[in-house]
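Visitor: Below: sequence and its predicted model.
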Protein chains: 2
Amino acid sequence: MRARIEDVAAAAGVSMKTVSRVFNREPNVREETRLKVEEAARRLRYRPNPSARSLAGHRSYLISLLYDNPSSNYVMEIIEGVLAACEQAHYGLTLRPVDFGRRGHVEAVESLVMQYRPDGLVLTPPLTDDAPLLRRLRELGVRYATISAKRDSSGIGVTLDERAAVADMMAHVIALGHRRIGHITGHRSHGGRAWRLAGYLDGLRRAGIEPDPELVVEGEFSFESGIAGARRLLDLDDPPTAIFGANDDTACGVLYEAAARGLRVPEQLSVFGFDDTPMSRRVWPSLSTVRQPSREMGRIAAQQLIAAISGGSAQVVRVPYQLQIRHSTAPAPPR
Amino acid sequence: MRARIEDVAAAAGVSMKTVSRVFNREPNVREETRLKVEEAARRLRYRPNPSARSLAGHRSYLISLLYDNPSSNYVMEIIEGVLAACEQAHYGLTLRPVDFGRRGHVEAVESLVMQYRPDGLVLTPPLTDDAPLLRRLRELGVRYATISAKRDSSGIGVTLDERAAVADMMAHVIALGHRRIGHITGHRSHGGRAWRLAGYLDGLRRAGIEPDPELVVEGEFSFESGIAGARRLLDLDDPPTAIFGANDDTACGVLYEAAARGLRVPEQLSVFGFDDTPMSRRVWPSLSTVRQPSREMGRIAAQQLIAAISGGSAQVVRVPYQLQIRHSTAPAPPR
DNA sequence: CTGTTAGCGCTTTCAT
DNA sequence: ATGAAAGCGCTAACAG
C-alpha cells in the first residue's frame, strides 16, 4: 500500500504535523529534523495525497487556464509554460476552452470556478480584456493572472511591448525602401489589435510617412481575413509594396493570396507577421515576424499567480521580444 | 457559504447517503425521493466537493492525457475531445507532455501516476506503442485507452483504417495518370508509419505498378524531413511526378522544397499528405490530404476509458476517414 | 521548535 | 429502499 503521512512520521520519529511542515516548507523545523523527515519520506516513497491535502487545507492546489483558441500553437506553448510552473509548485492544471463570442460564456467560467474551486486562473487574450468576465471573477473573489492583457486589471501577469516590436519591424521594412505599407488589423476585441496598429503608425510617423487610411483594413487574426485583406489592399489603384499582417495567420493569408495572383514574394511584395508560430518557418517564403516567447510567458504568468496565491508579492512582468527576419521581406521593387 | 451534502440531505428530508446515491446514479432510490433530492440540490446550488469525493471514494475522478507533441493542432484537437468527454462524466483532466525519445520518460509517467493517481490514461501516438511504457503501466495496474495504436494492447481506444485511407488516396492520384509516386515515410517509432507505407504499397499493387524502392525515402513526420525527402526524390534521375508525405507537415516540406526549386505544384508535381491539419488549407496550393476526426477520436477514447473505469464494457472503436482533395493534386504532366 | 486534537465533505460498510 | 457511523489522509488551531 501507499505510504501515508502517519507512516512517515512514525519512521522519522516525529509527529504528523512536523512532516506536514516539512512538505509545505513551513518555518519552525530544525534542519536536522527536516533531514530526518525527508530521508524517511524518500525511503517510503511518500507522496502527499492531493485530495486529502485540499480537503483539509481548504484550497485546491489547482489553477485553471482559460483560453479562446486563437491558435493551437499559441495555446500549446502557453500550456507547456503553465504546466512547467505548476509542476514545480506542485499545483495541478485544469483547462477551460471558452467560447468568447457566445453568450453564457461567463456562466461557463463561473461553473468551472464553483465546481473545481481553482486557487487561481490564468487568462489569455482576448479573455484578458473581457469586462463582464473580469467583473464576475472579481465578484467571485478569484485571483487571476493575465497574459498580454490590454489593461492590467489584476496586477498579476506578463506582457510584451508589442507596440515597440511592430515599430521596430516597420523600421526594418522602411529601411528596405518601402513607403506604401499596408496593415491588416487584428480583431477588435483583442488587446493586441490596438498595440500592433499603434506600432504600425509609430513606424510610419518616425519615418515621416503620412499614414494612408486606405492602407489599413480590418482583419481578425485569421488566415481568412488575411486573404480578404490582401485582396482589398492589392486591388487598390496604388497598392502597397509591403503588408503587415497582425499575426502570422493573417500574414500567411496574404502569402496565399499573393501566390494565387502569381505575385512573387518578396520580390514584388514584402510580407510580415507577428508571433513566430512554427508555421512561419514552414511556408514559402518563410515569414519575417516578431518572436514572442509564449512558453516563457505562460510559465511566468503561472509563477506570478502561484506566488500571489501563496501570499507572496506578484506583478506584471514584461518580457523581451525579438525580430525574426526571414525571406518574406526584401527591398522594395523599383517604381 | 457553499452547500454541503449534509445541507442537501436536510433540505430534502433524507440522509446524506441518499443524496450520495442520487449524485452517483446508484440504484435503490425511489423516483420520488430522487426528485426531492435533485430539487433541493438545485435550490442550494450544491456541487459535490471533488476532493472529499476522491478521498472517501478512493478514486481520483481524474484521467491523464499523455502526448509527445507531434503537432500542436493534433494535440489540441485531441485535448478538446477528451475534455468534452470528461466534462460530461464529471471527470477532471490532467496533461502530461512526455519526451518519448529521452531516457527516464517511463519514470516521468510513473511519477505522474503515483502523484495524481489518475483513474486512467489516454495515450496518443507514438506512446501508444512504447513497449517499456506499456509494460510499466500494466505493472502499475493503470488502465489506459489508446488513440491510433499500432497494436491494441488494452482493448480500450479508437482507431482509423489509415492503410485503406492511403490506398484510396493513391487510387485518386493514379487515376490522374501518375505512375511514379514517391513516399516520404513517417518515423519508425510511430505506428502510423507502417500503416501508411502499407497503404502506399497497396495502392501501387492494385494498379499493377511495380514498387520502386528508390521512391521510398525515410522521413519522420516532420516538416524538415519533408524538405530532405523531397530533395532526394526530386534529384533522382527519373523523379516522381507525385509525392505522398506521411503527414501534412512532411507534405508541406515537399511543397516548400518544390517552391524553392521553382517547381510548380500541381502542374509539375502533385503532393498529398495525411491528417488534414488547419495548415493544409493555408498553404499554397492547398493540400490534398486525408481527414482524420481527431477531436472525435479524443472524445471516444476518453468515453471508452471512463466506461471501463466505471465497470462498464469498452472496446476499440473504429472511426471513418475522409479524403480531402484540394489543389495540390492534378493530372500528371506529359512525359 | 514540536505535538495533539478535531475536523474538512464525502463514501463506505453494515444495519434496518 | 434508506440510514448511522466510521473513516479516507491531511491541515488548522491551539498547546506546550
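Guide: Alright, I've got the coordinates. Numbers count the residues shown, from 1 in each chain, chains lettered A, B, ... in the order given.
Visitor: C-alpha from now on. contacts and neighbour counts both.
Guide: OK.
Visitor: dump the residue contacts of A:Val106.
Guide: By C-alpha atoms under 8 Å, 6 or more residues apart in numbering or on different chains, the contact list for A:Val106 reads A:132-133, A:136.
Visitor: Recalculate using a threshold of 10 Å.
Guide: Shown in contact with A:Val106 (C-alpha atoms under 10 Å, 6 or more residues apart in numbering or on different chains): A:98-100, A:112, A:130, A:132-137.
Visitor: between the residues you listed, which is nearest chain B?
Guide: A:Leu112 (10.1 Å; C-alpha to the nearest C-alpha).
Visitor: Work out the gap between the strand or helix carrying the closest one and the centre of the chain.
Guide: Element membership for A:Leu112, per DSSP states H and E: helix A:105-116. Centroid separation between helix A:105-116 and its chain, computed with C-alpha atoms, centre = their mean, to the nearest Å, is 21 Å.
Visitor: Can stretch A:14-24 be said to contact DNA strand C?
Guide: Yes: Stretch A:14-24 lies within reach of DNA strand C by C-alpha under 7 Å from any atom of the strand, at A:14-18.
Visitor: mean confidence score for the host helix or strand of A:Gly182?
Guide: Using DSSP H and E, the element containing A:Gly182 is strand A:181-184. Across strand A:181-184, the average pLDDT comes to 98.
Visitor: Name the strands paired with it and say parallel or antiparallel.
Guide: Using DSSP bridges, strand A:181-184 pairs in its sheet with strand A:216-217 (parallel), strand A:242-245 (parallel).
Visitor: Pull out the buried positions in stretch A:277-289.
Guide: For stretch A:277-289, burial by neighbour count (16 or more other C-alpha atoms under 10 Å in any protein chain shown) applies to A:277, A:279-289.
Visitor: So what does A:Leu62 look like in phi/psi?
Guide: phi -140, psi 140 (degrees, to the nearest 10).
Visitor: pLDDT score for it?
Guide: A:Leu62 is assigned 94 on the pLDDT scale.
Visitor: still on that earlier bit, after the strand holding A:Gly182, which helix or strand is next?
Guide: Of the helices and strands lying after strand A:181-184 in sequence (DSSP H and E), the nearest is helix A:191-206.
Visitor: for the record, mean pLDDT for that following helix?
Guide: For helix A:191-206, the per-residue pLDDT averages 96.
Visitor: In CSV, please show the C-alpha coordinates belonging to that helix.
Guide: C-alpha atoms of helix A:191-206 as CSV (Å, rounded to 0.1, in the frame of the first residue of the first chain):
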residue,chain,number,x,y,z
GLY,A,191,-5.9,44.0,-27.0
GLY,A,192,-3.1,43.1,-29.4
ARG,A,193,-5.0,44.8,-32.2
ALA,A,194,-4.6,48.3,-30.8
TRP,A,195,-1.0,47.8,-29.8
ARG,A,196,0.1,46.5,-33.2
LEU,A,197,-1.8,49.2,-35.0
ALA,A,198,-0.2,51.8,-32.8
GLY,A,199,3.2,50.3,-33.6
TYR,A,200,2.4,50.4,-37.3
LEU,A,201,1.6,54.1,-37.0
ASP,A,202,4.6,54.8,-34.9
GLY,A,203,6.8,53.2,-37.5
LEU,A,204,5.3,55.4,-40.3
ARG,A,205,5.5,58.6,-38.2
ARG,A,206,9.1,58.1,-37.3
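Visitor: Tell me the helices and strands packed up against it.
Guide: Secondary-structure packing of helix A:191-206 (3 or more C-alpha pairs under 10 Å, 6 or more residues apart in numbering or on different chains; DSSP states H and E): helix A:162-175, strand A:181-184, strand A:242-245.
Visitor: try 6 Å
Guide: helix A:162-175 (3 or more C-alpha pairs under 6 Å, 6 or more residues apart in numbering or on different chains; DSSP states H and E).
Visitor: And the helix it packs on, what's buried?
Guide: Across helix A:162-175, burial judged by 16+ other C-alpha under 10 Å covers A:162-174.
Visitor: Just the residues contacting that helix, thanks.
Guide: A:195-196, A:199-200, A:202-203 (C-alpha atoms under 6 Å, 6 or more residues apart in numbering or on different chains).
Visitor: now that helix: how far from the chain's centre is it?
Guide: Here the centre of helix A:162-175 is set off from its chain's centre by 21 Å, with C-alpha atoms, centre = their mean.
Visitor: Would you mind giving the secondary structure of the nearest residue to A:Gln304 once chain neighbours are set aside?
Guide: The shortest distance from A:Gln304 to any non-neighbouring residue, by C-alpha to C-alpha, 6 or more residues apart in numbering or on different chains, is to A:Ala314 (5.2 Å). Secondary structure assignment for A:Ala314 (DSSP: H, G, I helix; E, B strand; the rest coil): coil.
Visitor: and A:Asp237, how many neighbours?
Guide: 7 (other C-alpha atoms under 10 Å in any protein chain shown).
Visitor: what's the closest of the buried residues of helix A:162-175 to DNA strand C?
Guide: Proximity of those to DNA strand C (C-alpha to the nearest atom of the strand) peaks at A:Glu162, which lies at 44.5 Å.
Visitor: Quick one, grab the pLDDT at the residue nearest to A:Glu38 when sequence neighbours are not counted.
Guide: Closest residue to A:Glu38 apart from its sequence neighbours, by C-alpha to C-alpha, 6+ apart: A:Val22 at 7.8 Å. A:Val22 is assigned a predicted lDDT (pLDDT) of 92.
Visitor: Can you give me the distance of A:Thr94 to B:Tyr91?
Guide: 11 Å (C-alpha to C-alpha, to the nearest Å).
Visitor: Just checking the helix or strand of chain A with the lowest mean pLDDT against chain B, any contact.
Guide: Least confident helix or strand, chain A: helix A:279-282 with a mean of 87, by mean pLDDT, DSSP states H and E. No: using C-alpha under 6 Å from any C-alpha of the partner chain, helix A:279-282 stays clear of chain B, coming no nearer than 7.0 Å.
Visitor: thinking in terms of the whole chain, how far from its middle is that helix?
Guide: Centre-to-centre, helix A:279-282 and its host chain are 19 Å apart (C-alpha atoms, centre = their mean).
Visitor: Shouldn't A:Gly253 be within a helix?
Guide: Yes: A:Gly253 sits within a helix when classified using three-state DSSP.
Visitor: Could you double-check that it sits in contact with A:Phe223?
Guide: Yes: in this structure, A:Gly253 is within contact of A:Phe223 by C-alpha atoms under 6 Å, at 4.6 Å.
Visitor: Around chain B, pick out the residues from the stretch 151-300 of chain A.
Guide: Within the stretch 151-300 of chain A, the positions near chain B by C-alpha under 6 Å from any C-alpha are A:256, A:284.
Visitor: Over to the stretch 1-150 of chain A?
Guide: Residues of the stretch 1-150 of chain A lying close to chain B (C-alpha under 6 Å from any C-alpha) are A:51, A:55, A:72-73.
Visitor: For the contacts of helix A:162-175, give me JSON lines that also has neighbour count and distance to A:Gly219.
Guide: Formatted as JSON lines, these follow (neighbours: other C-alpha atoms under 10 Å in any protein chain shown; distance: C-alpha to C-alpha, whole Å):
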{"residue": "A:Trp195", "neighbour count": "20", "distance to A:Gly219": "14"}
{"residue": "A:Arg196", "neighbour count": "26", "distance to A:Gly219": "12"}
{"residue": "A:Gly199", "neighbour count": "22", "distance to A:Gly219": "16"}
{"residue": "A:Tyr200", "neighbour count": "28", "distance to A:Gly219": "15"}
{"residue": "A:Asp202", "neighbour count": "21", "distance to A:Gly219": "19"}
{"residue": "A:Gly203", "neighbour count": "25", "distance to A:Gly219": "20"}
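Visitor: where does the lengthiest helix in chain A sit relative to the chain's centre, distance-wise?
Guide: Determined from DSSP state H, the single longest helix within chain A is helix A:72-89. On the basis of C-alpha atoms, centre = their mean, helix A:72-89 sits 10 Å off its chain's mean C-alpha point.
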